[in-house]
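*Asks:* Show me the folded form of this:
(4 chains)
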Protein chains: 2
Amino acid sequence: MSDNQRMTKQKRVILEELERVRTHPTADELYGIVRKRIPRISLGTVYRNLEMLAASGRIRTIRTCGKQRRFDADLSDHVHASCIRCGKIKDLPGGFPIGRLDGNLDESEFTYIATRIEIIGICGDCKREEETREG
Amino acid sequence: MSDNQRMTKQKRVILEELERVRTHPTADELYGIVRKRIPRISLGTVYRNLEMLAASGRIRTIRTCGKQRRFDADLSDHVHASCIRCGKIKDLPGGFPIGRLDGNLDESEFTYIATRIEIIGICGDCKREEETREG
DNA sequence: TCAATAATAGTAATAATTACTATTATTGTT
DNA sequence: AACAATAATAGTAATTATTACTATTATTGA
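*Replies:* Numbering: from 1, shown residues only, chains lettered A, B, ... in the order given. As a prediction, the model looks like this:
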């Protein structure tokens, strides 16, 4: 880290595990994963590190469906498919279909950082669950 | 309402005010607005009605930056510009630059509802505030 | 090795949202 | 217009995600 952040064991493992999974986990899902390697880590540490990693641009946070924030270590442009039922997010293959979408932006009034594209819908698991419930 | 929802005075005023403003308010911002017309309305009623209106497809909910959900009565395809500092969301003029972005979707595994596009950045107000703070 | 201090674990606090309940208002029917 | 059924309300309590706090521990540059 070039800023004054220290690379602790906790931060390294959190980042490693976030990079490994492709599920865009919530903080407590990641907490569950990381605890297998650092059993005494606390949820607050997971939150704090995710916050720091996001602030330094190392990971991204996602808010779409569901009430929990999610995290993504993949910084490349890609499209997310979010389920309105369970809140889970999957990556869509095929990369980013458009470039910087700031043609209509008044740059003096809005400083551009990034473009986000997502597909909203219902994932297969939730769909099947609804179908069995309805008969 | 064609479903079994009743059109109460509260619901009507909430919808009217949400349609009037163009700021994509949070539930409690809207609560403040609606209270001018219905002083004894409760915040829970605002939440419940926004929930019902969203469920019946009459409005949309937005989660991007900031920890509060926001609401939008404009169902037409349009791009949002979200500020990572204050969480406020503005509409970008110029309509929707791409169509249904589901070319890469496996329809059997994900039921398409909508495409959302947003620009992430820092709004003019927050930018100016940062500049004065830094000198 | 060591001093400075960033980060930790554990816990308490905060804030957004949801649930609960007795009462009120809407709506389809008469 | 009055009525019965019941959806929705106000007010409040509960829940849940996230953040703040604090004494202790671990990292890092010298």
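*Asks:* Around DNA strand C, pick out the residues from chain A.
*Replies:* A:4-6, A:8, A:10-11, A:38, A:40-45, A:48-49, A:52, A:67 (C-beta under 7 Å from any atom of the strand). Heads up, the C-betas are built off the backbone N, CA and C, glycines and all.
*Asks:* redo that, cut-off 10 Å
*Replies:* Selection of chain A residues close to DNA strand C by C-beta under 10 Å from any atom of the strand yields A:1, A:3-14, A:31, A:34-35, A:38-49, A:51-52, A:56, A:63, A:66-67.
*Asks:* any idea whether the residue nearest the centre of chain A is helix, strand or coil?
*Replies:* Central residue of chain A (C-alpha atoms, centre = their mean): residue A:71, 2.4 Å from the mean position. Classification of residue A:71 by DSSP: H, G, I helix; E, B strand; the rest coil places it in strand.
*Asks:* and what of residue A:37?
*Replies:* coil.
*Asks:* Which residue comes closest to it once chain neighbours are left out?
*Replies:* residue A:13 (5.3 Å; C-beta to C-beta, 6 or more residues apart in numbering or on different chains).
*Asks:* what's the answer for residue A:86, then?
*Replies:* For residue A:86, ignoring the flanking residues on the chain, the nearest one in space by C-beta to C-beta, 6+ apart is residue A:126 at 5.4 Å.
*Asks:* For the residue nearest to the centre of chain A, which residues count as its bridge partners?
*Replies:* Here residue A:71 sits in beta bridges with residue A:61, as judged by DSSP bridges.
*Asks:* In the longest strand seen in chain A, which of the residues would be classed as buried?
*Replies:* Criterion DSSP state E: the longest strand present in chain A is strand A:110-123. By neighbour count on 16 or more other C-beta atoms under 10 Å in any protein chain shown, the buried set for strand A:110-123 is A:110-111, A:115-123.
*Asks:* Residue A:125: what's it in contact with?
*Replies:* residue A:86 (C-beta atoms under 8 Å, 6 or more residues apart in numbering or on different chains).
*Asks:* can I assume it sits in a helix?
*Replies:* Yes. Residue A:125 sits within a helix when classified using three-state DSSP.
*Asks:* per-residue pLDDT, it?
*Replies:* Model confidence at residue A:125, given as pLDDT, is 88.
*Asks:* what's the answer for residue A:107, then?
*Replies:* 78.
*Asks:* hey, C-alpha coordinates of stretch A:83-91 in PDB?
*Replies:* Output of stretch A:83-91 as PDB, limited to C-alpha atoms (Å, rounded to 0.1, in the frame of the first residue of the first chain):
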ATOM      1  CA  CYS A  83     -31.700 -10.700  -8.600                       C
ATOM      2  CA  ILE A  84     -34.500  -8.600  -7.000                       C
ATOM      3  CA  ARG A  85     -35.500 -11.600  -4.900                       C
ATOM      4  CA  CYS A  86     -32.400 -12.700  -3.200                       C
ATOM      5  CA  GLY A  87     -30.100  -9.800  -4.000                       C
ATOM      6  CA  LYS A  88     -27.300 -12.000  -5.400                       C
ATOM      7  CA  ILE A  89     -25.300 -10.700  -8.200                       C
ATOM      8  CA  LYS A  90     -23.700 -12.500 -11.100                       C
ATOM      9  CA  ASP A  91     -21.300 -11.300 -13.700                       C
END
